[in-house]
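[1] Sequence plus predicted model, see below.
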Amino acid sequence: MSTATLDRPTHPTTESMPKGSSRGKRSPDRSPGEDAASRSLPQQHAPALPDLSSQTLPGIDRIVLTGFMGSGKTSTGRLLAEHLGWRFLDLDHEIEARHERSVPQIFSEDGEAHFRHLESAALASLLGRRQVVIALGGGAPEELGNRLLLEQTPHTAVIYLSASFEVLVSRCAAQAADPSATARPNLADLNLAERRFHLRHPHYQRIATHSIDTAERTPGEVAEAILATLRSAAPAAGHQISR
Ligand code: S3P
């Protein structure tokens, strides 16, 4: 994503806008839902980040990225994982790999409620991993059980990637141009999507240990801001992160 896509909010008329183009391209040697943190990234995503693979974040076993569709969870998560030498895990990819169906297929064949059930099970499983960066789906924090799980999993930094609804929709529209991108069923109705955005915002804030405004930042800059925040706020090893 380039900064240019962030400045020009548009309201696309597409039926169901796709998710980032890199979705569904999991390396065959990885476990379900696991993405190659070392995959090459488009030039505009290349950040000037230090290689932190030899360093740790004291007291943090995993970083979870949350936020609405288009907030940059996947692209930022890959960069973070790469620079920490950790694994990148995408919750939607995990669900798709486990059930051998795409997210839009699950929505259309079994409905959103069933998708949320699968999502909760996959989340519980991924939160058992250490040294991972996990990108949630935008709707995961709607479920109380998921919020409690995130709040109660020790040594877990939860980062809310925020932006205005207009910026988020603009980014999703830009991603929709890529035919390999996965569709986002919950963007089919933009009025409903905006209502959900406002409903979800307090949940994102509540579960987050840290929030980063992504509106004027590239994924590389967001990753850099997250690392700087976590390193300056890192608690002593063994202490739980406070919210
Ligand atoms: C959804 C967000 C999507 C995906 C599904 C539902 C939502 O993930 O989980 O299409 O309800 O916000 P992204 O936020 O990664 O696009």
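    Received the coordinates, thanks.
[2] just how off-centre is the longest helix that the chain contains within its chain?
    Assignment by DSSP state H gives helix 190-207 as the longest helix of the chain. When distances are taken as CA atoms, centre = their mean, to the nearest Å, helix 190-207 is centred 15 Å away from the chain's centroid.
[3] Contacts for that helix, please.
    Contacts made with helix 190-207 from outside it, assessed by CB atoms under 8 Å, 6 or more residues apart in numbering, are listed as 11, 66-69, 138-139, 141-142, 147, 150-151, 158, 160, 162, 165, 168-169, 186-187, 211, 243. (C-beta placed from N, C-alpha, C; glycine too.)
[4] Now which of those residues would you call buried?
    The neighbour-count test (16 or more other CB atoms under 10 Å) marks 66-69, 138-139, 141-142, 147, 150, 158, 160, 162, 165, 168-169, 186-187, 211 as buried among those.
[5] Now do the residue in the chain positioned nearest to the ligand against L91, distance only.
    Among the residues of the chain, G137 lies nearest to the ligand; the distance is 2.5 Å by CB to the nearest ligand atom. Going from G137 to L91 by CB to CB, to the nearest Å gives 5 Å.
[6] Compare the two (neighbour count), which wins?
    Ranked by neighbour count (other CB atoms under 10 Å), G137 and L91 place G137 first, with 27 against 24.
[7] Just to check, that one is in contact with E94?
    No. With the criterion set as CB atoms under 8 Å, G137 and E94 do not qualify as a contacting pair; they are 9.9 Å apart.
[8] Which strands and helices lie in contact with the longest strand seen in the chain?
    The longest strand of the chain (DSSP state E) is strand 156-162. The helices and strands touching strand 156-162, judged by 3 or more CB pairs under 8 Å, 6 or more residues apart in numbering; DSSP states H and E, are strand 62-66, helix 190-207, strand 210-213, helix 219-233.
[9] Off-centre distance for it?
    When C-alpha coordinates are averaged (CA atoms, centre = their mean), strand 156-162 and its chain have centres 9 Å apart.
[10] wait, does it contact the ligand?
    No. Under the criterion of CB under 6 Å from any ligand atom, strand 156-162 makes no contact with the ligand; the nearest approach is 10.0 Å.
[11] any bit of the next helix or strand after that strand sitting next to the ligand?
    Sequence-wise, the next helix or strand downstream of strand 156-162 (DSSP states H and E) is helix 165-176. No. Helix 165-176 stays out of contact with the ligand when judged by CB under 6 Å from any ligand atom, the minimum separation being 7.6 Å.
[12] Start the count at 97 instead of 1 going forward.
    Yep, numbering from 97; the last one is helix 261-272 now.
[13] Now do helix 261-272: which elements does it pack against?
    Looks like helix 261-272 contacts strand 113-114, helix 286-303 (3+ CB pairs under 8 Å, 6+ apart).
[14] 6 Å instead, please
    Packed against helix 261-272 by the contact rule (3 or more CB pairs under 6 Å, 6 or more residues apart in numbering; DSSP states H and E) you find strand 113-114.
[15] List the neighbouring strands of the strand it packs on plus their orientation.
    Within its sheet, strand 113-114 is paired with strand 279-280 (antiparallel), according to DSSP bridges.
[16] For the partner strand, which outside residues touch it?
    The list of residues contacting strand 279-280 from outside it, by CB atoms under 6 Å, 6 or more residues apart in numbering, reads 112-115, 165, 200.
[17] and this structure, which residues reach the ligand?
    115, 165, 169, 188, 199, 233-235, 280-282.
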